[in-house]
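Novice: missing the sequence, but the structure's below:
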């Protein structure tokens, strides 16, 4: 699959990104790649309030063997077609060779597959099935987010709200959200029965938030209030740092409060 676009957000690293779409109201830009930068491709999209973004967890360090599986499967088809043109005996040889290679790839992929993960919502100490979670560490590193479409700008560029994506995340596809089919308000939601509470207050004793552009300030506060720390960390003396837009934010967290200790503007080379 080829990315059709990428997203531009103020969240420069995974640490601090809202845990789900819609939890922080900030604007992000969906910028199409050159081959898809065609106005006709988004004709009519402005008639929808929400969109599904299908995207890639491109910052995952652990690679899966799906690519080798796809490569071998493609190689198998290519060899089969070539052998069909040549002769029957070549076909048999190619079938045996590629089938063995495909099986090896399947076995390797299966051995690296981890069927359970530890969701942050469960404190990071209880395992559940990976397919019962939205963990980024999956057999195929694909994410799904519902965002609000605010407007379409020339380019075309989609201005969206509520994305839970790192800056630069590749977008694989975009589809309109359909309330009659996609909304199920009475559905059960397993261990994630309700949105995480904004339990923490954000304390800015030095008035440092004034250095953040006004249109981004609320998003930063919302992100900090959701407690970006891993759930297994609870050290009130630990100093945390996150990159947000062109700023490095440092803070400490107690049971009820996030205290901002410094905000420093950074350059791309720092």
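Specialist: Received the coordinates, thanks. Note that the structure is predicted; figures quoted are calculated from it, not measured.
Novice: gap between residue 50 and residue 223?
Specialist: Look at residue 50 and residue 223: by CB to CB, to the nearest Å, they are 21 Å apart. Backbone N, C-alpha and C define where each C-beta goes, glycine included.
Novice: what of residue 24?
Specialist: Distance from residue 24 to residue 223, by CB to CB: 6 Å.
Novice: shared neighbours, the two?
Specialist: Both residue 24 and residue 223 are in contact with residue 18, where contact means CB atoms under 8 Å, 6 or more residues apart in numbering.
Novice: all helices of this protein, in order?
Specialist: Secondary structure of the chain (DSSP state H): helices at 66-86, 88-112, 179-182, 214-225.
Novice: pull the longest strand from this protein.
Specialist: Using DSSP state E to define each element, the chain has its longest strand at strand 142-153.
Novice: and stretch 45-63, what's buried?
Specialist: 50, 51, 52, 53, 55, 56, 57 (16 or more other CB atoms under 10 Å).
Novice: please tell me how far the fifth one sits from residue 163.
Specialist: Using CB to CB, residue 55 is found at 9 Å from residue 163.
Novice: do the fourth one as well
Specialist: In this structure, residue 53 and residue 163 are 7 Å apart, going by CB to CB.
Novice: now do the shared contacts for those two.
Specialist: 7, 145, 147.
Novice: averaged pLDDT, stretch 155-163. What do you get?
Specialist: What stretch 155-163 shows for mean pLDDT is 93.
Novice: report the distance from it to the chain centre.
Specialist: 16 Å (CA atoms, centre = their mean, to the nearest Å).
Novice: go on, stretch 204-217?
Specialist: 26 Å.
Novice: what is the end-to-end distance of that stretch?
Specialist: 12 Å (CA to CA, to the nearest Å).
Novice: show residues contacting it.
Specialist: Residues contacting stretch 204-217 (CB under 8 Å, 6+ apart): 10, 26-27, 220-221, 244-245, 247, 259-260, 262-263, 265.
Novice: could you rerun that using 7 Å?
Specialist: For stretch 204-217, the surrounding residues in contact (CB atoms under 7 Å, 6 or more residues apart in numbering) are 10, 26, 220, 245, 247, 259, 260, 262, 263.
Novice: shared neighbours of residue 55 and residue 163, anything?
Specialist: Counting by CB under 7 Å, 6+ apart, the contacts common to residue 55 and residue 163 are residue 145.
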